[in-house]
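K.L.:
Sequence first, then the predicted structure, then my questions.
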Amino acid sequence: MSGSGVQLKGTLGQPAPGQTLGAALVCSGGFWYTIGAGGQGIDDAVLPSWYELSRGHPNPFSSTTTLEYALPAASHVSLAVFDAQGRLLKRLIHGQQAAGTYAVTLHAGGLAPGVYVCRLDTGGFQATRLMVLIR
């Protein structure tokens, strides 16, 4: 998880190493995303029982969509977005994370309307979800 100003939501009260407090809007290579802070709407007292990647909400989306994922145990996490041809557009999360539930908001600035793929990989678990960007 590199990049300054990037932060996680719902990390059992512990910021990830190298992260800052407070939500931030980050632009990298023309691709905007936010990783929110705090624990709004997430029960930090209960750890997830299984790995999960939710479909983005809203989906289809026109400006932003939020992806939530759950880790029942500490894991090395890679969360990435690909175009419909399978080209990596942005690796949003890459690094060790504690067990918990996380949310990442993607901002569609700079992206053309179309189908995108979000992929979560924890080493032992992989999931993909389709996201549809409309204007």
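P.N.:
Looks like it came in fine. These figures come from a predicted structure and were not determined experimentally.

K.L.:
Would you agree residue 76 is in contact with residue 98?
P.N.:
No. Between residue 76 and residue 98 there is no contact under C-beta atoms under 8 Å: 11.6 Å. Just so you know, the C-beta spots here come from the backbone N, C-alpha and C atoms, and that holds for glycine as well.

K.L.:
So which of these two has more stuff around it?
P.N.:
Neighbour count, other C-beta atoms under 10 Å: between residue 76 and residue 98, residue 98 has more, with 16 against 12.

K.L.:
Please report how far the residue nearest to that one when sequence neighbours are not counted lies from residue 82.
P.N.:
Excluding its sequence neighbours, the residue lying closest to residue 98 (C-beta to C-beta, 6 or more residues apart in numbering) is residue 74, at 5.3 Å. Going from residue 74 to residue 82 by C-beta to C-beta, to the nearest Å gives 26 Å.

K.L.:
Neighbour count: those two, which is higher?
P.N.:
Remark: of residue 74 and residue 82, residue 82 carries more neighbours, 16 against 12, as counted by other C-beta under 10 Å.

K.L.:
what helix or strand is the more buried one on?
P.N.:
Under the criterion of DSSP states H and E, residue 82 resides in strand 75-83.

K.L.:
With residue 115 instead?
P.N.:
strand 114-121.

K.L.:
report the angle between the axes of the helix or strand just after that strand and strand 75-83?
P.N.:
Next along the chain after strand 114-121, taking DSSP H and E as the criterion, comes strand 126-133. Here strand 126-133 points in a direction 40 degrees away from that of strand 75-83 (axes from the mean of the first three to the mean of the last three C-alpha atoms, to 10 degrees).
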